[in-house]
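S.K.: Next comes the sequence, and after it the predicted model I'd like to discuss.
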Amino acid sequence: MLEKVKKFLFENNSLHIASSSYNIPNLSKCSYVSEGTTLIIAGEQNSALIEQIRFNPKVEIIVNDGETTLKYTGRAKIVSNYPNQEKLIRNLAKKDNLERKGIFGVNLVQIIPTEMMVAQWDYNQEFKENKPSILKDFFYSVIKTIKIWAKGIRLPFISVSVLAVVVGTAVAYYESKNFDWLYFLLAVVGILAFNACVDLMNDFFDHLSRNDEVNEKLTPFSGGSRMIQNKLFSTARTLTGAIVSFLITLGIGLYINFTVTGNIVLYIGIVGAFIGIFYVGKPINLAKFGFAEIAIFLSLGPATVFGSYYIQQEKFSWTPIYVSIIVGLLITLVLFINQFPDYEADKESGRRNFIVLVGREISAIIFIIFLSLTYVILIILVILQILPYLSLVTLASLLFAVKAMITTRKYHDNYLKMIPAQAMTILTTLSYTILLAISLFVSAAVW
């Protein structure tokens, strides 16, 4: 009977495949190639089918020739090194009208069966050898859950904000050589939760405004997480994640506030909560009224750097304020550069960020001015002996900064050619803040 099934699969070339993520179903029709009971299909990168398979390999398939229906349950895997891969992709893409869209090409997917059934033939067979053990499946599910939430909260990007905490703590250590690990770790978790809240709220409201739906110029660094658009998260789950992240931030903030002197942390938390909720949220929507850049600068610059300093020192100092201007500008410029590819979508959805207000050509000049300003401020702080001479090591990050500035000036209206500028801006921010923090820690330890 199995040979009859293989022949049936070989003689047909079209199937319906159901994939899912957190019970969000997606149904696609695909052409396929069969290799015995193994099926090969193709799908566009960043489509709901491919993204769901990436995090949940369990799929259900129906192959029907008008008389016979084969139900096929299996496990799908995106493959990158398959025999005759390019030829298979080319043939399947042609049949299903698949094409490269910007940076996204076409993926090849291999599907192996775990169970097949043909009611008309009274056939039902399990393929136990293709099923992972219960323990392996459990750990696989845990890892995939972590990965999908890391994508949802854009973990690689919010890690930049952690460096604001590191720099604020480094300034405190430079001044006093005191370091409280508990407060440092709480601040790190708090800022991660805060940024997760902002990003999830951003996805939620951008979905409601259709900003992400109309945005077709996607890059690895801009265009949102696409969790809702790719049917990975529902709007309810996205909002729930934002609320939970906010509550974590609130709990940590209140604990720190009631264990240090004064209510500085409480005041910073109130400002942060306002920005987190109303960054793109209604009814205020800071991004819609041109305050997005200012909000990010204040929350991840002065608020985070000085707040991290204060919980270590419990006193006021101008040094973390001066340094926070640098950090705030750098992190804001990461947001700023990522808005260039989103220009049309932001304009269409009514978001009035700085680039929409003044245009990309002027914004490119503004980007260069403010990125250059971070180095000017640093040199001035060193000359005034507010920062140690060792902090000049941060000038090494100019290797990335110059590349970002040149690319932005030249290709500000070409979203694909702006991708290197986005990458270089992130690398500038990472290298600059890491080197600055190291210089402060080392200077305090040595002198």
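M.R.: Received the coordinates, thanks.

S.K.: For the closest residue to residue 392 other than its chain neighbours, list the residues it contacts.
M.R.: Closest residue to residue 392 apart from its sequence neighbours, by Cβ to Cβ, 6 or more residues apart in numbering: residue 382 at 5.9 Å. For glycine as for every other residue, the C-beta is placed from the backbone atoms N, C-alpha and C. If you count contacts by Cβ atoms under 8 Å, 6 or more residues apart in numbering, residue 382 has them with 388-389, 391-392.

S.K.: same thing with residue 386?
M.R.: Neighbouring residues of residue 386 by Cβ under 8 Å, 6+ apart: 319, 322.

S.K.: For it, give its distance to residue 399.
M.R.: 25 Å (Cβ to Cβ, to the nearest Å).

S.K.: Please state the offset of stretch 333-342 from the chain centre?
M.R.: With Cα atoms, centre = their mean, to the nearest Å as the basis, stretch 333-342 stands 14 Å off its chain's centre.

S.K.: Helix or strand with the lowest mean pLDDT in this protein?
M.R.: helix 211-214 (a mean of 67; mean pLDDT, DSSP states H and E).

S.K.: Identify all contacting residues around the next helix or strand after it.
M.R.: Per DSSP states H and E, the first helix or strand lying C-terminal to helix 211-214 is helix 235-257. Contacts to helix 235-257, defined as Cβ under 8 Å, 6+ apart, come from residues 22, 149, 152-153, 183, 186-187, 189-190, 193-194, 196-197, 200-201, 203-204, 207-208, 227-228, 233, 263-266, 268-269, 272-273, 276-277, 311.

S.K.: need the strands for the stretch 1-150 of the chain, in chain order.
M.R.: With DSSP state E, counting those that start in this stretch as the criterion, the stretch 1-150 of the chain has strands at 14-21, 24-31, 33-35, 38-44, 58-64, 69-79, 106-118, 123-126.

S.K.: Single out the most deeply packed of those strands.
M.R.: strand 38-44 (a mean of 22; mean count of other Cβ atoms under 10 Å).

S.K.: Neighbouring strands - and their directions - for that one?
M.R.: strand 33-35 (antiparallel), strand 106-118 (antiparallel) (DSSP bridges).

S.K.: So for the first one, mean pLDDT?
M.R.: Same thing as strand 33-35. When pLDDT is averaged over strand 33-35, the result is 94.

S.K.: The longest one too?
M.R.: Strand 106-118 shows an average pLDDT of 96 in the prediction.

S.K.: Equivalent analysis for stretch 417-430, please.
M.R.: The average pLDDT for stretch 417-430 rounds to 95.

S.K.: returning to what we had before: as a markdown table, the strands of the stretch 1-150 of the chain with distance to residue 173 would be great.
M.R.: Formatted as a markdown table, these follow (distance: least, Cβ to Cβ, whole Å):
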| stretch | distance to residue 173 |
| --- | --- |
| strand 14-21 | 44 |
| strand 24-31 | 46 |
| strand 33-35 | 61 |
| strand 38-44 | 49 |
| strand 58-64 | 49 |
| strand 69-79 | 45 |
| strand 106-118 | 47 |
| strand 123-126 | 61 |
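
S.K.: Could you check how far residue 407 is from residue 396?
M.R.: Taken as Cβ to Cβ, the span from residue 407 to residue 396 is 19 Å.

S.K.: Ignore what I typed, I meant residue 269.
M.R.: Taking Cβ to Cβ as the measure, residue 269 falls 35 Å from residue 396.

S.K.: More neighbours: which of the two?
M.R.: residue 269 (23 against 11; other Cβ atoms under 10 Å).

S.K.: host element of that one?
M.R.: helix 264-278.

S.K.: okay, the angle between that helix and helix 235-257?
M.R.: Orientation check (axes from the mean of the first three to the mean of the last three Cα atoms, to 10 degrees): helix 264-278 against helix 235-257 gives 170 degrees.
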